[in-house]
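[1] no sequence for this one, just the structure:
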């Protein structure tokens, strides 16, 4: 029996574990299916595939089109896949979209084997575009498409219209993914963010197996903020209606037996009106569900909103604090202040909702005084936090600053292989040698990095077990012993993982050779 030829394969490159589910690919797949187009997905993230293994899968499935997407961190991986597919199957049309290509379409077209780049959200045009390619029709009138003509000239069709009413979109095609990979099944007391005891008790009371089964979801698209380190700054914010979103939540609860949701967009709590309607929708349906949203620190909440969030199942709320220096916040275009941060933490301290925050260092204008203020804030509040150092992502104001001041060009930020084997100090040294935007002392910045890592450990412990926290502060060597055991355990795990990957690649090649012999 002859295998059915796939119209399009989407590639989901390596991702971010269970929280890296590609809602974009899954939604587009549903749209294409509804238009009679045969869709498949190669999920390199869930299947732990390298670029060579992805190419072998494409060869086996023989699609007419491959859609390559992902964040910029996947650009090196995607370039390798593009080259491998073009060499093995030159007739396959290659499309690129998503964050890795949207802001650099001409560069992608000239430096990979991609045939077309789709700029922006493709929901309203992709079905027509795919049909035009399959039927060998002109794509000159299809908006949002960039390509090189036969003479090598860069052509950019007019910008496409993005969907304004997200409720018109179908639910994602979850069946194309291994959903067990994208669902975190964990005891609430062992979750990687310390939950408050009242929430742990509630989860154990209402969960069948006393565990959290956590899936990712989105509440909308875009962000009204203008943060200059973000490529999505000042894009139009559109929410799913609360009714549609809770329908989606109920669907996932029934289909995959989940009871908790991690909102993986950069903004969940957009307007107070929408948040209240969303919370009331959950409460009115009497759903026992737990969820983790994200918010800007300028979110306009009141006491009623906090109570509704608590009653509807919000267990953790993450805020993008970014800095604890008001001058830096102004330079980020953040419409908030450090004084408001303290008020937020004080207001939520009285609830069962745990609050986390994220911070970014080494933005232009950073100095030792602003760093000291951020560290002082973290120490004073004992907040569980994440942090990172500013990176010039294409499409952001920071990238334009870095490029205009000769810190980098597109060749520096695109197609760089992520070498996870580098020691952390070496990787940090490479970063700061390139992107020392403020000419800070490199050794001091390295010490700040180490201090923040230690503060994270301390703050995590404080929020998880106050008694152990004070014990460790009195006898700090206890913490170092524990970290030594954890390091040894991770080392053994990494070694076993490498062995397993080697054996899987070996077996895959054997299987492919067997299939080729069988076909002959």
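    That came through, no problem. Just so it is clear, the structure is predicted and the values come from calculations on it, not from any experiment.

[2] residue 36: neighbour count?
    Counted with other C-beta atoms under 10 Å, the neighbours of residue 36 add up to 9. Bear in mind the C-beta positions are built from the backbone N, C-alpha and C, glycine included.

[3] to what extent is residue 439 buried, counted in neighbours?
    Counted with other C-beta under 10 Å, the neighbours of residue 439 add up to 7.

[4] buried residues in stretch 302-321?
    305-306, 308-310, 312-321 (16 or more other C-beta atoms under 10 Å).

[5] likewise stretch 112-128?
    112-127.

[6] for that stretch, give the mean pLDDT please.
    Throughout stretch 112-128, pLDDT has a mean value of 96.

[7] just to revisit the earlier point, mind checking which of the buried residues of stretch 302-321 are in helices?
    305, 306, 308, 309, 310, 312 (DSSP state H).

[8] Serialize these to a markdown table and add fields for pLDDT.
    Listed next are those as a markdown table, based on pLDDT from 0 to 100:
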| residue | pLDDT |
| --- | --- |
| 305 | 97 |
| 306 | 97 |
| 308 | 98 |
| 309 | 97 |
| 310 | 96 |
| 312 | 97 |
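
[9] pick out whichever of those sits closest to residue 38.
    residue 312 (39.8 Å; C-beta to C-beta).

[10] which one of the buried residues of stretch 302-321 is nearest residue 468?
    Closest approach to residue 468 among the buried residues of stretch 302-321 (C-beta to C-beta): residue 316, at 20.6 Å.

[11] distance check, that closest one against residue 199.
    Plainly put, residue 316 is 9 Å away from residue 199 if you go by C-beta to C-beta, to the nearest Å.

[12] same deal with residue 15?
    27 Å.

[13] check residue 410 too.
    45 Å.

[14] more neighbours: these two, which one.
    residue 199 (22 against 16).

[15] tell me the pLDDT at that one?
    Confidence score, pLDDT, at residue 199: 95.

[16] any low-confidence regions in this protein?
    The model of the chain has pLDDT under 70 over residues 1-4, 16, 234, 417-423, 477-520.

[17] these two touch, right, residue 469 and residue 475?
    No: applying C-beta atoms under 8 Å, one finds residue 469 not in contact with residue 475, separated by 11.6 Å.

[18] these two: who's more crowded?
    residue 469 (19 against 10).

[19] what's the distance between that one and residue 142?
    For residue 469, the distance to residue 142 equals 58 Å [C-beta to C-beta].

[20] ok, residue 174 next?
    Counting by C-beta to C-beta - residue 174 and residue 142 are separated by 28 Å.

[21] distance between stretch 290-304 and the chain's centre?
    20 Å (C-alpha atoms, centre = their mean, to the nearest Å).

[22] got the end-to-end distance for it?
    19 Å (C-alpha to C-alpha, to the nearest Å).

[23] can you list contacts of that stretch?
    Stretch 290-304 is contacted from outside by 199, 203, 212, 214, 219, 223, 225, 259-263, 265-272, 275-276, 312-321, 334-336, 340-341, 344, 347, using C-beta atoms under 8 Å, 6 or more residues apart in numbering.

[24] now, of those residues, which are buried?
    199, 203, 212, 214, 219, 223, 225, 259-263, 265-270, 275-276, 312-321, 334, 336, 341, 344.

[25] now, these that are in strands?
    Judged by DSSP state E, the subset of the buried ones among the contacts of stretch 290-304 located in strands is 212, 214, 223, 260-263, 316-321.

[26] quick check: end-to-end length of stretch 334-343?
    End-to-end distance for stretch 334-343, by C-alpha to C-alpha: 16 Å.

[27] which residues sit in contact with the nearest residue to residue 144 once chain neighbours are set aside?
    Closest residue to residue 144 apart from its sequence neighbours, by C-beta to C-beta, 6 or more residues apart in numbering: residue 160 at 3.0 Å. Going by C-beta under 8 Å, 6+ apart, residue 160 touches 118, 119, 120, 121, 122, 124, 125, 143, 144.

[28] just give me the closest of those residues to residue 135.
    For these, with residue 135 as the reference and C-beta to C-beta as the criterion, the closest is residue 125, at 15.5 Å.

[29] roughly how far apart are the closest one and residue 203?
    When residue 125 is compared with residue 203 (using C-beta to C-beta), they lie 43 Å apart.

[30] what's the local residue count around residue 69?
    24.

[31] try residue 278
    26.

[32] what's the nearest residue to it if we skip its chain neighbours?
    Spatial nearest neighbour of residue 278, chain neighbours left out: residue 242 (4.1 Å); criterion: C-beta to C-beta, 6+ apart.

[33] what of residue 6?
    residue 63 (4.2 Å).

[34] count the residues that sit near that neighbour.
    Neighbours of residue 63 (other C-beta under 10 Å): 21.

[35] residues making contact with stretch 456-469?
    Contacts for stretch 456-469 (C-beta under 8 Å, 6+ apart): 194, 354, 378, 382-387, 472-473, 479, 483.

[36] regarding residue 70, what is its secondary structure?
    coil (DSSP: H, G, I helix; E, B strand; the rest coil).

[37] my read: it touches residue 78, true?
    Yes: the pair residue 70 / residue 78 is scored as a contact, 6.1 Å apart, by C-beta under 8 Å.

[38] which secondary structure elements does the one helix or strand residue 375 maps to contact?
    Assessed by DSSP states H and E, residue 375 sits inside helix 368-381. Applying 3 or more C-beta pairs under 8 Å, 6 or more residues apart in numbering; DSSP states H and E, one finds that helix 368-381 contacts helix 338-349, strand 354-361, helix 442-464.

[39] do you know which of those lies nearest residue 148?
    Per C-beta to C-beta, nearest to residue 148 of the helices and strands packed on helix 368-381: strand 354-361, 36.2 Å.

[40] angle of the closest one against helix 442-464?
    180 degrees (axes from the mean of the first three to the mean of the last three C-alpha atoms, to 10 degrees).

[41] quick revisit: ok, so of the contacts of stretch 456-469, who is nearest residue 55?
    Nearest member of the contacts of stretch 456-469 to residue 55, counting by C-beta to C-beta, is residue 386, at 34.4 Å.

[42] may I have the secondary structure class of that closest one?
    strand.

[43] next, the contact list for it, please.
    356, 357, 358, 359, 456.

[44] secondary structure element holding residue 9?
    strand 8-12.

[45] and that strand, how far out from the chain middle?
    Per C-alpha atoms, centre = their mean, the centroid offset for strand 8-12 relative to its chain is 18 Å.

[46] paired strands for it, with orientation please.
    strand 39-43 (parallel), strand 65-68 (parallel) (DSSP bridges).

[47] tell me which of those strands is the most buried.
    strand 65-68 (a mean of 26; mean count of other C-beta atoms under 10 Å).

[48] from the chain's centroid, how far away is that one?
    20 Å.

[49] give me the residues contacting that strand.
    7-11, 13, 25, 28, 58, 78, 81-82, 85, 92-97, 101, 114, 130, 133-134.

[50] show me what the stretch of helix or strand residue 94 belongs to is packed against.
    Assigned by DSSP H and E, residue 94 belongs to strand 93-96. In terms of contacts (3+ C-beta pairs under 8 Å, 6+ apart), strand 93-96 is packed against strand 65-68, helix 75-88, strand 116-118.

[51] immediately after the shortest one, which helix or strand?
    It stands for strand 116-118. Immediately after strand 116-118, counting by DSSP H and E, sits helix 126-134.

[52] packing partners of that following helix?
    helix 23-34, strand 65-68, strand 116-118.

[53] tell me the domain ranges of this protein?
    8-164, 183-474, 481-520 (automatic domain parsing).

[54] can you add distance to residue 170 and give the ones you listed back as TSV?
    Below are these laid out as TSV (distance: least, C-beta to C-beta, whole Å):
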stretch	distance to residue 170
domain 8-164	4
domain 183-474	10
domain 481-520	34
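
[55] so which of the ones you listed is the most packed in?
    The most buried one of the domains of the chain (mean count of other C-beta under 10 Å) is domain 8-164, showing a mean of 19.
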